[in-house]
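Participant: Turn this into a model:
(one chain, ligands or ions: 1)
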Amino acid sequence: MAIFTKPKLLFVFFLILSLVLVSQCYDQNPRGDQDPQQEKLRECQQRCERQQPGQQRQLCKQRCEQQYKKEQQQQHERETGEDDLGNRGPEKRYRKFQECQRRCQSEEQGQQLQECQQRCQQEYQREKGQQVETNPEWEQQEKSNNPYLFESQRFRSRYRASHGDFRILEKFNQRSQLLKGIEKYRVSVLELEPQSFVLPHHCDGEAIFVVVKGQGIISIAEQDNKNSFNLQKGDVIRVFAGSNVYMLNKDNNEKLFVYVLAKSVNAPGNLQQYFSAGGQNPETFYKAFSSDILESAFNNPRDKLERLFGQHKEGIIIKASEEQIRAISEHASRSTQQTKGRTQGPFNLLKERPLFESKFGQFFEACPERFEQLRDLDAAVGFMNINQGGMVLPYYNTKSTKLVMVVEGNARFEMACPHLGRQGQSPWSRGQGREHEQEQEQEEGEVHYQKIRGNLNVGDVLVIPAGHPITFVATGNSNVRIVGFGVDAQNSKKNFLAGKQSIWRNVDREAKELSFSMPGREVEEILQKQDQSYFVAGPEHRQQRERGEEGRRGQDQYLSSILDFVF
Ligand SMILES: [Cu+2]
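Facilitator: Numbers count the residues shown, from 1 in each chain. The predicted model follows:
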């Protein structure tokens, strides 16, 4: 230790020591220490703040957080070496799945819990079978290449009030030129809190209302006619363009949810509400007239009219008292009415006989051929219930394009689309793709179908163009209920592509032989193997059953059959 006896060297030693300490301090500085994932989360949430209004902002932020959690977990896996590039053994995969489910149960509730568990399941399925598809970039691309799926956040609140919300989905042709055929149609959702009232208004669109939850009253006031109807779940009511309408949720506890299909009668896809009632918020259209005109029209002095049209400030959906609800309810009836040659009033779709059904689901439909109210709009309304673990056999709608929305549960879908089937081209995209699309007629002999797929949660909308083969599979731990509006519905049918009732039963054996280059008998044997119709066990349910029948050979076999039994 001779060096410490020399003061110069001692000074140099302390200088180095203090430099080391200072540099360590800098390393521990909170900014320098900031986790890049956390930084990303912060940026993502800020983006939501800037770009998304109200409720969407919350959803947007939640998505940021989910992504953050996922990335953190992935990092954890990388660091602990639990997972080397997804080559997890079945035990490890399953353990991870169980952990995921436990996390959901401790952190989430209700709808969120269901969604969280579904994510666990999807992750597990992906790891189990399709390792290629774990690439998030590919997934992202697939999502953005799908112009048919509108996730619930694509609805925008048009009128939000303390007692409800009216949300409208973006214009279809804004998303893609492939949806130009339905540009006049808009889909919206009316959500009313218990004991609330929607102010009288009319709309420049021909509409169909479907009650998917709750109970209420709709009143239609016309020049020479007044109709008031009770509404309940499953009711379908045609609301003519320009009808002056007010509505009520009369229930004390339950919200009222109404899905609306409207066809614009002015500018295509542009729908406006016109409030006769109101004052400042919503503004009443009377305010667009000059005072002297109003004085003459109402034969009232200006100050009285200013008072009348200046009071209301609470928005289009407001709280109603029990007495008010009772009074309005007294006038409401249930039955349909014949007024001047047109039928008005609701009918209940769920009380009709299902158009087809089996152990795994039912389908109800109101078509324009049977329901006079739907005829002039050439529209249909359908309800599809798929029981837990079930799927609907692939089918296509012969002529009608369907706009479907999930009311309950979760589903995944797969659809074949020839429009997007030309590799490397995206003629659907906005802007530059437009001219492209018109020129892009299919070249000779070139047949390819793009697999369009995705998950559907409550509130998501899917457009199923006519002729496109599609299937839905119930995912998650409950039944799935889907409501669909059909446009150009007259004489449209569902043609099934598999199962006992499929179109193949009406094709000659020789034609089958020629079509598949196989002996006709063999083709039929394959096509007839599915002896069920319409709804059958979904892939997960089916795997579980098959494994159950396989018996137990060795421990590995046993383990995997347990794993598959979960789904
Ligand atoms: Cu297509």
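Participant: give the contact list for Ser358.
Facilitator: By C-beta atoms under 8 Å, 6 or more residues apart in numbering, the contact list for Ser358 reads 532-536. In short, each C-beta sits where N, CA and C put it, glycine included.
Participant: Can you pull the domain assignment for the protein?
Facilitator: 37-144, 150-278+315-343, 349-422+447-537 (automatic domain parsing).
Participant: Just want the most central residue of the chain.
Facilitator: Most central in the chain under C-alpha atoms, centre = their mean is Asp460, positioned 0.5 Å from the mean C-alpha point.
Participant: how near is that residue to Gln153?
Facilitator: Per C-beta to C-beta, to the nearest Å, Asp460 is found 9 Å from Gln153.
Participant: Please apply the same query to Gln272.
Facilitator: For Gln272, the distance to Gln153 - C-beta to C-beta - is 23 Å.
Participant: quick one: which of the two has more around it?
Facilitator: In terms of neighbours (other C-beta atoms under 10 Å), Gln153 is the more surrounded of Gln272 and Gln153; the figures are 16 against 13.
Participant: Neighbours of the residue of the stretch 201-350 of the chain found nearest the ion, how many?
Facilitator: Using C-beta to the ion, the closest approach of the stretch 201-350 of the chain to the ion is made by Gly269 at 20.0 Å. Using other C-beta under 10 Å, Gly269 is surrounded by 19 other residues.
Participant: Using the three-state scheme, assign it.
Facilitator: Recorded secondary structure, Gly269: coil (DSSP: H, G, I helix; E, B strand; the rest coil).
Participant: and it, what is it in contact with?
Facilitator: By C-beta under 8 Å, 6+ apart, the neighbours of Gly269 are 171-173, 183-186.
Participant: Look up how far Glu283 lies from the residue nearest to the centre of the chain.
Facilitator: Per C-beta to C-beta, Asp460 is found 33 Å from Glu283.
Participant: Next: Gln37.
Facilitator: 47 Å.
Participant: who's more crowded, those two?
Facilitator: Gln37 (16 against 13).
Participant: Tell me which helix or strand the more buried one sits in.
Facilitator: helix 36-51 (DSSP states H and E).
Participant: which helices and strands sit right next to that helix?
Facilitator: In terms of contacts (3 or more C-beta pairs under 8 Å, 6 or more residues apart in numbering; DSSP states H and E), helix 36-51 is packed against helix 54-80.
Participant: now the helix it packs on: mean pLDDT?
Facilitator: On average, the pLDDT along helix 54-80 is 71.
Participant: SS state for Tyr286?
Facilitator: Classified using three-state DSSP, Tyr286 is helix.
Participant: Can you check the pLDDT for it?
Facilitator: 91.
Participant: ok, now the one 10 residues further on?
Facilitator: Model confidence at Ser296, given as pLDDT, is 93.
Participant: Which of the helices or strands spans it?
Facilitator: Assigned by DSSP H and E, Ser296 belongs to helix 291-298.
Participant: Buried residues, that helix. List them.
Facilitator: For helix 291-298, a neighbour-count test (16 or more other C-beta atoms under 10 Å) marks Leu294 as buried.
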